[in-house]
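Colleague: I would like the atomic coordinates for the input below:
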Amino acid sequence: MGYGSGVTRRAAEIRLDALLRTACDVIVERGLANTRTADVAEAAGVSQALVFYHFATKERLLAQAFAYAVEQDLARLDAVVRSTAPPLTKLRRMLRLYTPAGRSTSWSIWIEGWAESLRTPELEKASRRLDLRWRQDLAKVISDGVADGTFECADPAGAAWRINAVMDGLAVQLAVHERVLTRRQLTEWIRLVAARELGLEPAQLD
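Modeller: A predicted model of the protein is given here:
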């Protein structure tokens, strides 16, 4: 099956993008292990043959869907980090961006992805890329804040790892376990940890 024109190629690209978005939604609902190509095809309203045209195997579909989700999160992170906002504002936005909005969020994909990364190198590579970028960008924002006198921190890289680790742990609890903690508690504790690391008052991160 070839492309007859640039319009046809563009239509195929849009369809691929829609399939990846749909695959992410199905993964959130069913989990990586239980997601079938037939499920994605049905949710997208297309034939299973079309899914296999874009993705030769189920494993390739799931890997590309996970990579697609990674790229979406990195795009949102880039919008914050590349903005002209001061370090404190960037930090506030990053903390809000990381916090799960509820149980049916992209955090379901990250939890699934972390588990499957133990067995699937392609998923591990994509997961590691997202994790490392978050810590690197957070460390850069902290370093910029130290340079302009906003933050007090002797070890921006270490602080980024510690803040990120607390966010990961609390976010997993909020996303997986209903009523174990509230979103408000998670937000307050993350602000408290970040404030202690950076010589701030928690209220400054509201």
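
Colleague: what about the residue nearest to residue 152 when sequence neighbours are not counted, how many residues close to it?
Modeller: The shortest distance from residue 152 to any non-neighbouring residue, by CB to CB, 6 or more residues apart in numbering, is to residue 199 (3.1 Å). All C-beta spots, glycine's among them, are computed from the backbone N, C-alpha and C. For residue 199, the count of nearby residues is 13 (other CB atoms under 10 Å).

Colleague: tell me the helix or strand right after the helix or strand residue 23 falls within.
Modeller: Per DSSP states H and E, residue 23 falls inside helix 6-30. Heading C-terminal from helix 6-30, the first helix or strand you meet, by DSSP H and E, is helix 37-44.

Colleague: name the surrounding residues that touch that following helix.
Modeller: Residues outside helix 37-44 that contact it (CB atoms under 8 Å, 6 or more residues apart in numbering): 18-19, 22-23, 25-26, 30, 47-48, 50-52, 55, 58, 61.

Colleague: quick one: mean pLDDT for it?
Modeller: For helix 37-44, the mean per-residue pLDDT is 90.

Colleague: got the buried residues for it?
Modeller: Buried positions in helix 37-44, judged by neighbour count with 16 or more other CB atoms under 10 Å: 37, 39-41, 43-44.
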